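K.L.:
Structure of the sequence below:
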Amino acid sequence: QVQLVESGGGLVQPGVSLTLSCAISGRGSSSYAMGWFRQAPAKEREFVAAITPITRSGGYTYYSDSVKGRFAISRDNARNTVYLEMGRLKPEDTAVYYCARAKSRYLNGTTDAYDYWGEGTQVTVSS
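P.N.:
The predicted model follows:
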């Protein structure tokens, strides 16, 4: 059974940085792509970032246009953890952030491509 537990959310001011963590339990997850999604009040869940399994050439990443250049996704297989480093945060980044495991090793930005989800962690960006 795969379980994902997010942490690191909170209330921050615009312009600062914050790092989210996703602890993964369950065998074999290092062979699957992992992603981060977010959902703001009254809005649909949207893709944020994804990362492939780590190979000798590293891991490939994919970002939504709204976070590209500000956010960075990474994974540490030894710690079974996926991270989302969020920089230059804006009020529009306010949302519940979810970690998810993909059904395959390939990058994908749609919710249908993921079959395991965490409960989410709240990020609020406000002055």
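K.L.:
gap between stretch 58-70 and the chain center?
P.N.:
The chain centre lies 10 Å from the centre of stretch 58-70; the measure is CA atoms, centre = their mean, to the nearest Å.
K.L.:
list the buried ones in it?
P.N.:
Residues of stretch 58-70 classed as buried: 59, 61-64, 67 (neighbour count, 16 or more other CB atoms under 10 Å). All C-beta atoms are positioned from the backbone trio N, CA, C, and that covers glycine.
K.L.:
Excluding chain neighbours, what is closest to residue 91?
P.N.:
On the basis of CB to CB, 6 or more residues apart in numbering, the spatially nearest residue to residue 91 that is not a chain neighbour turns out to be residue 125, at 5.0 Å.
K.L.:
Distance to residue 3 added to the buried residues of stretch 58-70, as JSON lines?
P.N.:
Output for those, formatted as JSON lines (distance: CB to CB, whole Å):
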{"residue": "59", "distance to residue 3": "22"}
{"residue": "61", "distance to residue 3": "24"}
{"residue": "62", "distance to residue 3": "24"}
{"residue": "63", "distance to residue 3": "25"}
{"residue": "64", "distance to residue 3": "25"}
{"residue": "67", "distance to residue 3": "25"}
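K.L.:
Narrow those to those in strands?
P.N.:
61-63 (DSSP state E).
K.L.:
What is the nearest of these to residue 14?
P.N.:
The shortest gap between residue 14 and any of those belongs to residue 63, at 19.9 Å (CB to CB).
K.L.:
element containing the most centrally placed residue in the chain, please.
P.N.:
The central residue of the chain, meaning the one whose C-alpha is nearest the mean C-alpha position (CA atoms, centre = their mean), is residue 36 at 2.4 Å. Element membership of residue 36 [criterion: DSSP states H and E] is strand 34-39.
K.L.:
For that strand, which outside residues touch it?
P.N.:
If you take CB atoms under 8 Å, 6 or more residues apart in numbering as the criterion, strand 34-39 is touched by 20, 22, 24, 45-51, 73, 75, 82, 84, 93, 95-102, 108-109, 111, 114, 120, 123.
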